[in-house]
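**Student:** Any chance you could fold what I've pasted below:
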Amino acid sequence: MLPKEYSWFLTHPELETQYTGEYIAIIGEAVVAHGKDFKTVLQEAERHGKAPFIHKVPAADKDLVV
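**Tutor:** I've put the predicted structure just below:
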């Protein structure tokens, strides 16, 4: 079963263009932090008191192969 944050992320493709090349931290149904530095994004997200789901949005010129 997927985390609810990941499921929410998949239903919001606009996040891919809004946060291209950045890490995004999601808690519940909200982006609570974003930026290029993973550690900074994690620290900002942890201020919300819950464990965040963090995803690295690939740069526009990169293909993601899973």
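**Student:** Can I get the lengthiest helix in the chain in CSV? Just the C-alpha atoms.
**Tutor:** Looking across the chain with DSSP state H, the single longest helix is helix 38-46. Provided in CSV are the C-alpha atoms of helix 38-46 (Å, rounded to 0.1, in the frame of the first residue of the first chain):
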residue,chain,number,x,y,z
PHE,A,38,17.6,17.7,1.2
LYS,A,39,18.8,18.4,4.8
THR,A,40,17.2,21.8,4.9
VAL,A,41,13.9,20.5,3.5
LEU,A,42,13.9,17.7,6.0
GLN,A,43,14.6,20.1,8.9
GLU,A,44,11.8,22.5,7.8
ALA,A,45,9.3,19.6,7.4
GLU,A,46,10.1,18.1,10.8
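**Student:** Pull out the buried positions in that helix.
**Tutor:** Neighbour counts using 16 or more other CB atoms under 10 Å place 41, 44-45 of helix 38-46 among the buried residues. Where you see a C-beta, it was placed from the backbone N, CA and C, and this is true even at glycine.
**Student:** Just give the closest residue to residue 21, not the sequence neighbours.
**Tutor:** residue 59 (4.2 Å; CB to CB, 6 or more residues apart in numbering).
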